[in-house]
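Peer 1: sequence and computational prediction follow.
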Amino acid sequence: MKTITMKFGGTSVGSPEAISNVIDIVKTERQAGNRVVVIVSAMAGVTDMLLNSVKAAVAGSKWGYLSTAEKLRERHEDALNILVPPGKLREKTFDQVTALLSEYTEICHAVSILGENTARVSDAIVAYGERLSSRVVAAALKSRGVDALAYDAGEFLITDERFQGANPIWEETQARVDAKLLPALAQGITPIITGFIGATRNGAITTLGRGGSDYSGAIFAAASNSDELIIWTDVDGVMTTDPRVDKRARVLPYVSYQEIGELAFYGAKVLHPKTVQPVLDKGIPIWVRNTFNPSFAGTLIRENGEPTATVIKAVTSIRNISLLTVSGKGMIGVPGIAGRTFLATARAGASILMISQSSSEQSFCFLVTEGTAQNVKDAIEGELSAEIDSRDIERVEVLDDVVIITAVGAGMRGTPGVAGRVFSVMGENRINVIAIAQGSSECSISFVVSEADLERSVIKLHDLALESVVEG
């Protein structure tokens with residue numbers, strides 16, 4: 001008997017038809033004698049609806065959040081009417097949906113009266129998406145003969161108080177899983193757990209950050225010592241590039257933990273960047289599969305990826321970023337400039353996506369998301385005001401309309417000439433490279449180009465990745 005953790009994304013539970021696929025997938029594993037832990041996202045589009053309703057509440061628009069509540073009621077009750085036959089189970093789940101939406105409107109009403117929102121309140125409101133979907137999925141499974149039970153993740157997943165981006169407290173989470181979740185599995189229950197959310201020691205709801213349901217899946221897979229983690233989504237697996245940029249994109253059958261970490265961080269939307277972290281030490285394999293094409297094997301992710309004929313496996317891109325450059329002849333040999341710059345960036349609430357420095361030490365540049373760039377620039381100028389006044393630092397510049405292109409492949413390590421080949425391709429196609437970075441892992445090469453060159457850059461580099469797929 002295996003224990004399998006399955007995470008189903010928003011599109012996988014986004015309609016009655018999609019939930020029917022979920023039921024078939026879970027039932028198949030249960031009939032094979034396996035134990036299944038199910039993690040669910042909110043129905044597709046619901047998280048955005050809830051976020052917009054918070055804004056409406058702050059603005060004093062009672063109609064805004066009440067209309068959202070009614071739309072959510074209709075959507076979840078319609079799914080129940082289709083998936084669950086008339087009777088006590090359906091009525092009980094209707095009551096649960098009604099109670100959750102009543103709580104939601106009460107919180108929004110309080111926000112409307114105060115005219116302000118906090119990260120803690122926002123987490124509490126946004127969590128209703130997963131809390132609603134878990135009840136519907138559990139009822140649908142139960143009506144089809146699976147002994148399923150809905151759980152709010154906060155019953156097990158204990159986090160710090162960093163609302164909107166909480167971190168698990170691992171020992172306490174493990175203790176709760178051991179005390180309550182594992183016994184439920186032993187009794188034949190299939191738990192349907194809310195993704196994306198947790199709770200503080202005091203019971204306040206937290207979220208793991210947008211897209212955090214994948215991370216939830218990995219946390220519960222590790223805590224339950226699962227044999228596999230399957231991320232069920234709406235694509236066939238991890239692809240060689242974004243098919244919206246290049247229609248030749250193909251599914252990669254094997255990817256290493258390290259490669260998927262780079263791909264996720266640098267723009268591949270198929271997995272949350274933190275997903276690998278909890279399963280890494282235990283060596284739990286991850287599958288990425290398509291809920292709507294369950295017969296397709298998908299992509300297997302584990303410690304060692306399969307070798308390919310060429311070193312580049314995939315190409316990713318990140319849009320909506322800005323490049324900040326700190327430069328000045330007085331920087332040469334002066335310790336602490338970069339450190340102070342990055343501390344100022346952190347205080348401005350921005351994460352750094354990539355760093356590059358000239359060998360002369362006269363300048364360095366780094367990338368942040370577009371919306372944070374001006375705040376970061378102001379913070380750096382405040383931190384380095386003395387150096388700017390003395391002309392040791394001549395300027396802090398922001399360049400918008402740029403993108404990061406990343407070529408990923410574990411085979412880059414120890415293979416001479418990879419960077420040369422990558423940049424030869426760029427030069428041959430007259431694409432100007434603004435900045436370059438290669439991590440110490442040697443698993444990826446990232447570079448910055450104008451947004452106007454994104455599609456051409458990806459397609460030309462993707463040619464190298466496709467060679468490995470065709471020949472491998």
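Peer 2: Nice, I can see it. Here the structure is a predicted model, which means the values were calculated and not measured. Numbers count the residues shown, from 1 in each chain.

Peer 1: so, low pLDDT: which residues of the chain?
Peer 2: Where the chain drops to pLDDT under 70, the residues are 305-310, 359-361, 413-415, 439-442, 468-472.

Peer 1: nearest residue to the middle of it?
Peer 2: Closest to where the C-alpha atoms of the chain average out (CA atoms, centre = their mean) is His272, at 2.6 Å.

Peer 1: need the contact partners of stretch 30-38.
Peer 2: 1-8, 22, 26, 29, 137, 146, 148, 181, 185, 190-193, 220-221, 224, 226 (CB atoms under 8 Å, 6 or more residues apart in numbering). From N, CA and C alone the C-beta is placed, and that goes for glycine too.

Peer 1: just stretch 255-265 next, same as before
Peer 2: Under CB under 8 Å, 6+ apart, the answer for stretch 255-265 is 238, 268, 270-273, 275-276, 280, 286, 299-305, 313-314, 316, 353, 406, 408-410, 439, 441, 443-444.

Peer 1: generate a PyMOL selection restricted to the buried entries among these.
Peer 2: To isolate the buried members of these in PyMOL, using 16 or more other CB atoms under 10 Å:
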select buried, resi 238+268+270+271+272+273+275+276+286+299+300+301+302+305+313+314+316+353+406+408+409+410+443+444
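
Peer 1: among the contacts of stretch 255-265, which lie within helices?
Peer 2: Val276, Leu280 (DSSP state H).

Peer 1: just the ones of the contacts of stretch 255-265 in strands?
Peer 2: The strands, defined by DSSP state E, take in Ile286, Thr299, Leu300, Ile301, Arg302, Ala314, Thr316, Thr406, Val408, Ser444 from the contacts of stretch 255-265.

Peer 1: got the buried residues for stretch 84-100?
Peer 2: Using 16+ other CB under 10 Å as the burial criterion, the residues of stretch 84-100 that qualify are Val84, Leu89, Arg90, Thr93, Phe94, Gln96, Val97, Leu100.

Peer 1: for stretch 146-153, same thing?
Peer 2: Going by neighbour count (16+ other CB under 10 Å), the buried part of stretch 146-153 is Val146, Ala148, Ala150, Tyr151, Asp152, Ala153.

Peer 1: same deal with stretch 10-22?
Peer 2: Residues Gly10, Thr11, Ser12, Val13, Gly14, Ser15, Pro16, Ala18, Ile19, Asn21, Val22 are the ones in stretch 10-22 that count as buried (16+ other CB under 10 Å).

Peer 1: also stretch 422-438?
Peer 2: Val422, Val425, Met426, Ile431, Val433, Ile434, Ala435, Ala437, Gln438.

Peer 1: same deal with stretch 408-422?
Peer 2: Val408, Gly409, Ala410, Gly411, Met412, Val418, Ala419, Val422.

Peer 1: make TSV from the residues you listed and add distance to Glu130 to it.
Peer 2: TSV is the format used below for those (distance: CB to CB, whole Å):
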residue	distance to Glu130
Val408	31
Gly409	35
Ala410	34
Gly411	39
Met412	38
Val418	42
Ala419	43
Val422	41
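
Peer 1: pretty sure Ile404 is in a strand, no?
Peer 2: Yes - Ile404: assigned to a strand according to DSSP: H, G, I helix; E, B strand; the rest coil.

Peer 1: which residues touch it?
Peer 2: Tyr266, Gly267, Ser317, Ile318, Ile321, Leu353, Met354, Leu367, Ser446, Phe447, Val448.

Peer 1: which of these are buried?
Peer 2: For those, a burial check counting by 16+ other CB under 10 Å picks out Tyr266, Gly267, Ser317, Ile318, Ile321, Leu353, Met354, Leu367, Ser446, Phe447, Val448.

Peer 1: just give the nearest non-adjacent residue to the fifth one, would you?
Peer 2: Ranked by CB to CB, 6 or more residues apart in numbering and with sequence neighbours excluded, the top spatial neighbour of Ile321 is Leu367, at 5.1 Å.

Peer 1: backbone phi and psi for the one you found, please?
Peer 2: phi -120, psi 140 (degrees, to the nearest 10).

Peer 1: quick check: bridge partners of it?
Peer 2: Leu367 has these beta-bridge partners by DSSP bridges: Leu323, Met354.

Peer 1: contacting residues around it?
Peer 2: Ile321, Ser322, Leu323, Leu324, Ile352, Leu353, Met354, Val402, Ile404, Ala435, Val448.

Peer 1: try it again with 6 Å
Peer 2: With contacts defined as CB atoms under 6 Å, 6 or more residues apart in numbering, Leu367 is in contact with Ile321, Leu323, Leu353, Met354.

Peer 1: of the residues you listed, which is the nearest to Gly60?
Peer 2: For the contacts of Leu367, the residue nearest Gly60 by CB to CB is Ile321; the value is 34.5 Å.

Peer 1: my hunch is that that closest one is in a helix, does that hold up?
Peer 2: No - checked against three-state DSSP, Ile321 lies outside a helix; its state is strand.
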